[in-house]
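In: starting from these lines, generate the structure:
(chains A and B)
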Amino acid sequence: DAKTTQPNSMESNEEEPVHLPCNHSTISGTDYIHWYRQLPSQGPEYVIHGLTSNVNNRMASLAIAEDRKSSTLILHRATLRDAAVYYCILRDLYNFNKFYFGSGTKLNVKP
Amino acid sequence: GAVVSQHPSRVICKSGTSVKIECRSLDFQATTMFWYRQFPKQSLMLMATSNEGSKATYEQGVEKDKFLINHASLTLSTLTVTSAHPEDSSFYICSAHLTNVANTEAFFGQGTRLTVV
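Out: Numbering: from 1, shown residues only, chains lettered A, B, ... in the order given. So this is what the prediction gives:
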């Protein structure tokens, strides 16, 4: 299975942008890049996903490298409510059932 | 948006007893649901895939006789932890998808905190 590598933790100031990186050097052509976040004592929550092109939604933006071996989740203005563990996950188009979570990045947001 | 609900959110049981956790898709049908386990300060670990009308498929190292999964309808999957022991204490999470393709999001339940005493 394609794996992802993320920094263990990152820190940001409130109302500043945050760039959360993810490396997935063994990504295959059929893998979608998904991002989820998990607040303490809750189940994960969908953030964004993409295949090749950059994506924007109301929560965040996803920047995907041209070779697709890395991606960056961008929170444009971090709030205290964005403090969570962020997971970058690859979903295989043909074996989509398998959701393997890596260690994720714990984001701390300072007021 | 679609909602996946788990019940109970928190349960304490005595060692040796069994505990059932329910996972419901509230506004969509899910032929497949997934069960995860998460220990403190660790990531989620996929335990098994629950298939409506057929047997669940378990990940390597997960005891199927210990963690019984039943998916009796298109909106309900249950996980029963049999003969629970303190080492089974964990956060159990289920998920489901709207459609069976990779280009859609997964929805997760709020999780069930199991404490075995």
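In: my read is residue B:87 is in a helix, agree?
Out: Yes. Counting by DSSP: H, G, I helix; E, B strand; the rest coil, residue B:87 is found in a helix.
In: so where's chain B shaky on pLDDT?
Out: The model of chain B has pLDDT under 70 over residues B:1-2, B:99-103.
In: and the helix or strand containing residue B:114, what's buried?
Out: Here residue B:114, judged by DSSP states H and E, is contained in strand B:112-116. Residues of strand B:112-116 classed as buried: B:112, B:114, B:116 (neighbour count, 16 or more other CB atoms under 10 Å in any protein chain shown). To be clear about C-beta, it is placed using only N, CA and C from the backbone, and glycine gets the same treatment.
In: is the residue positioned nearest the centre of chain B bridged to anything, and to what?
Out: The C-alpha lying nearest the average C-alpha coordinate of chain B belongs to residue B:35 (CA atoms, centre = their mean; 3.5 Å). Taking DSSP bridges as the rule, residue B:35 bridges to residue B:48, residue B:94.
In: let me see the contact set for it.
Out: B:23, B:46, B:47, B:48, B:50, B:67, B:69, B:77, B:79, B:92, B:93, B:94 (CB atoms under 8 Å, 6 or more residues apart in numbering or on different chains).
In: on that earlier part again, what packs against the strand holding residue B:114?
Out: Secondary-structure packing of strand B:112-116 (3 or more CB pairs under 8 Å, 6 or more residues apart in numbering or on different chains; DSSP states H and E): strand B:10-13, strand B:19-25, strand B:90-97.
In: mind redoing it with 7 Å?
Out: strand B:10-13, strand B:90-97 (3 or more CB pairs under 7 Å, 6 or more residues apart in numbering or on different chains; DSSP states H and E).
In: how about these, which one is nearest residue A:69?
Out: Smallest distance to residue A:69 across the helices and strands packed on strand B:112-116 (CB to CB): 26.1 Å, for strand B:90-97.
In: following element in sequence after that closest one, please.
Out: strand B:106-108.
In: partners of the strand holding residue B:114, with directions?
Out: strand B:10-13 (parallel), strand B:90-97 (antiparallel).
In: out of those, which is closest to residue A:41?
Out: Judging the strands paired with strand B:112-116 by CB to CB, what sits closest to residue A:41 is strand B:90-97, at 7.6 Å.
In: gap between the closest one and the chain center?
Out: 5 Å (CA atoms, centre = their mean, to the nearest Å).
In: okay, angle between it and strand B:19-25 too, please.
Out: Relative orientation of strand B:90-97 versus strand B:19-25 (axes from the mean of the first three to the mean of the last three CA atoms, to 10 degrees): 30 degrees.
In: in strand B:90-97, what's buried?
Out: Quick answer for strand B:90-97 (16+ other CB under 10 Å): B:90, B:91, B:92, B:93, B:94, B:95, B:96, B:97.
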